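> make a model of this:
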Amino acid sequence: MAKEKQSKRHQATEIIQLFREGDSDEAMRLFEKYGLRKEFIGFVIKSGINKEDSRDLVQEFSIDKLCMQSDSIKNIEFARTWMYQVLRNMINDKGRILKKNREVQFDEDRDQYQAPKILEENQTRSGCVQEQLAKFREAEPQRAEVIDLIQKGFNTEEIRLIIKRPYGATREFMSQCRKKFKPFIEICIEIEE
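Sure thing, here's the model as predicted:
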């Protein structure tokens, strides 16, 4: 078994050496021949990324990282370890991107369910804000409670005691509440007081 590990280590070293020498065609041929593409795709899939995205990520890895950054490895004997570290970083980046896209999608879905942005002629700005707060309360009851407390003039310490959170967490939560509430009241800005 130790011999197999040495052989995989030697294979990775050989591939990186070919990239360093500028023979990327031969290096990519060995990358395929030694089964590293399949191995890395499996590694990415196990991290929770779907098969299609895993293939794309390994393709990007083999071109952008192996080919372009092979000179950055200080000790070529650890090429295999370097490959896994770089791929793991790419997986983490991909995960952050996917998470960010899911959050954006959620916000877009929520915005689709908002009432149409029609203003009544005689509506006041404060009336509009209260109307939008009622809609926000249906969508985000906990956050609406905090927005209500902010509007009533409660300070951070008082809100902290009411919602039973640490001071720093309360400040962060208040900030998030304001950000979530902002799209609801954008319509109210158009009303002149």
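
> let me see the domain layout of the protein.
2-102, 114-190 (automatic domain parsing).

> need the ones you listed in JSON lines (columns: mean pLDDT).
Formatted as JSON lines, those follow (pLDDT from 0 to 100):
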{"stretch": "domain 2-102", "mean pLDDT": "82"}
{"stretch": "domain 114-190", "mean pLDDT": "80"}
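
> what sits closest to Ala27 if chain neighbours are left out?
Leu18 (3.7 Å; CB to CB, 6 or more residues apart in numbering). Using the backbone N, CA and C atoms, a C-beta is placed for each residue, glycine as well.

> could you dump the domains of the chain to a markdown table with mean neighbour count?
Shown next, in a markdown table, are the domains of the chain (neighbours: other CB atoms under 10 Å):
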| stretch | mean neighbour count |
| --- | --- |
| domain 2-102 | 15 |
| domain 114-190 | 14 |
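
> how close does Leu18 get to Phe61?
Computed with CB to CB, to the nearest Å, the distance linking Leu18 and Phe61 is 16 Å.

> again with Gly168
Taken as CB to CB, the span from Gly168 to Phe61 is 38 Å.

> and whichever strand or helix holds Gln59, what does it pack against?
Element membership for Gln59, per DSSP states H and E: helix 51-60. Secondary structure elements in contact with helix 51-60, counted by 3 or more CB pairs under 8 Å, 6 or more residues apart in numbering; DSSP states H and E, are helix 36-46, helix 79-112.

> show me the contact partners of the helix or strand following that helix.
Next along the chain after helix 51-60, taking DSSP H and E as the criterion, comes helix 68-69. Here helix 68-69 makes contact (CB atoms under 8 Å, 6 or more residues apart in numbering) with Val86.

> how far does helix 68-69 sit from the chain's center?
Distance of helix 68-69 from the chain centroid (CA atoms, centre = their mean, to the nearest Å) equals 25 Å.

> after the host helix or strand of Leu133, next one along is what?
Using DSSP H and E, Leu133 falls within helix 125-139. Using DSSP H and E, the helix or strand that follows helix 125-139 in sequence is helix 141-151.

> what angle separates that following helix from helix 125-139?
Counting by axes from the mean of the first three to the mean of the last three CA atoms, to 10 degrees, helix 141-151 points 150 degrees away from the direction of helix 125-139.

> and Asn89, how far from Phe78?
16 Å.

> what's the answer for Glu32, then?
On the measure of CB to CB, Glu32 and Phe78 end up 22 Å apart.

> then Asp25?
Distance, Asp25 to Phe78, by CB to CB: 24 Å.

> what's the answer for Ala27, then?
17 Å.

> go on, Ile187?
Taking CB to CB, one finds Ile187 at 58 Å from Phe78.

> for the nearest residue to Tyr167 once chain neighbours are set aside, give me its contacts.
Among residues not flanking Tyr167 along the chain, Arg160 sits closest, at 5.5 Å (CB to CB, 6+ apart). Contacts for Arg160 were tallied using CB under 8 Å, 6+ apart; they are 166-167, 170.
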